[in-house]
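J.: Let's see this in three dimensions:
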Amino acid sequence: MLSQIARRSSPLRLVAAVFALATAVTLSLLPSWGAQAATPPPAAPAASDAAPLAKAVPSAPGRVLLLGRIAHPLVLSVNDLATRYPQHTQTVTFQSGAGPQTHTYTGPLLYDVLQAAKPSFRADVKNDSLRYAVVVHASDNYESVVSFPEIDPGFGNTASLLAVTEDGTSLATAGPRLTAPKDTKGGRYVSNVVAVALVRAGL
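T.: Numbering: from 1, shown residues only. All right, here's what the predicted structure looks like:
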């Protein structure tokens, strides 16, 4: 979709299109939080429009739409995640339906990726970042939530990665995987991540 826009539009129109896409996906995935945007959002779509909007999320694994309460919504490839941000390696063990699993992952911290996108925290609210959550969406519509203070080094300091390799194998084709290194169960190890949305969950 973005490549078609790029061929037909000027750079200025491309930027506007990316922001419009980010807003539409935010409303389709997170309708209850859409009204909390820093600026008044467009009218929420009718129920019949929800499915077409959801299709705007990259369906091909390997690309991640970063959106929500951030200054710089954008689409990142696995290569972008591997080259634009500091890389970390972690070996984790968790319980799955097939029994215990142990894997070694490399990739950037989810916190670093979000910080580079400039979260739009409210300066007039004390510790406003404590009211935020990160919704991680997979290509098969599986979702999980990580609280922002959970991954903030000043609070929970959980080193959740958007992993670009698993046991030395690149995830460029499958898409990045969220890690949750302090979890006992593997439910929040979201595979084939296609969207990451920062949302304000507090009042």
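
J.: contacts and neighbour counts: CA atoms only from here.
T.: OK.

J.: Count the neighbours of Asp112 for me.
T.: 19 (other Cα atoms under 10 Å).

J.: before we move on, what about the one 4 residues further on?
T.: Residues near Ala116, counting by other Cα under 10 Å, number 13.

J.: just for this protein, where's the confidence low?
T.: 1-60 (pLDDT under 70).

J.: can you map out the helices along it?
T.: Per DSSP state H, the chain carries helices over the ranges 2-8, 11-29, 31-34, 50-54, 78-83, 110-116, 148-151.

J.: shouldn't Gly175 be in contact with Val190?
T.: No: between Gly175 and Val190 there is no contact under Cα atoms under 8 Å: 10.2 Å.

J.: of those two, who's got more company?
T.: More crowded of Gly175 and Val190, by other Cα under 10 Å: Gly175, with 25 against 21.

J.: From Leu161, how far off is the more buried one?
T.: Shown here: Gly175 relative to Leu161, a distance of 13 Å by Cα to Cα, to the nearest Å.

J.: Then Val199?
T.: The gap separating Val199 from Leu161 is 19 Å, by Cα to Cα.

J.: Provide a list of residues in contact with Val145.
T.: Contacts for Val145 (Cα atoms under 8 Å, 6 or more residues apart in numbering) come out as Ala133, Val134, Val135, Val136, Arg188.

J.: The last one touches Arg177, doesn't it?
T.: No: taking Cα under 8 Å as the contact criterion, Arg188 and Arg177 are not neighbours in contact, 9.6 Å apart.

J.: Which one's more surrounded, these two?
T.: The residue with more neighbours, out of Arg188 and Arg177, is Arg177; 26 against 20, by other Cα under 10 Å.
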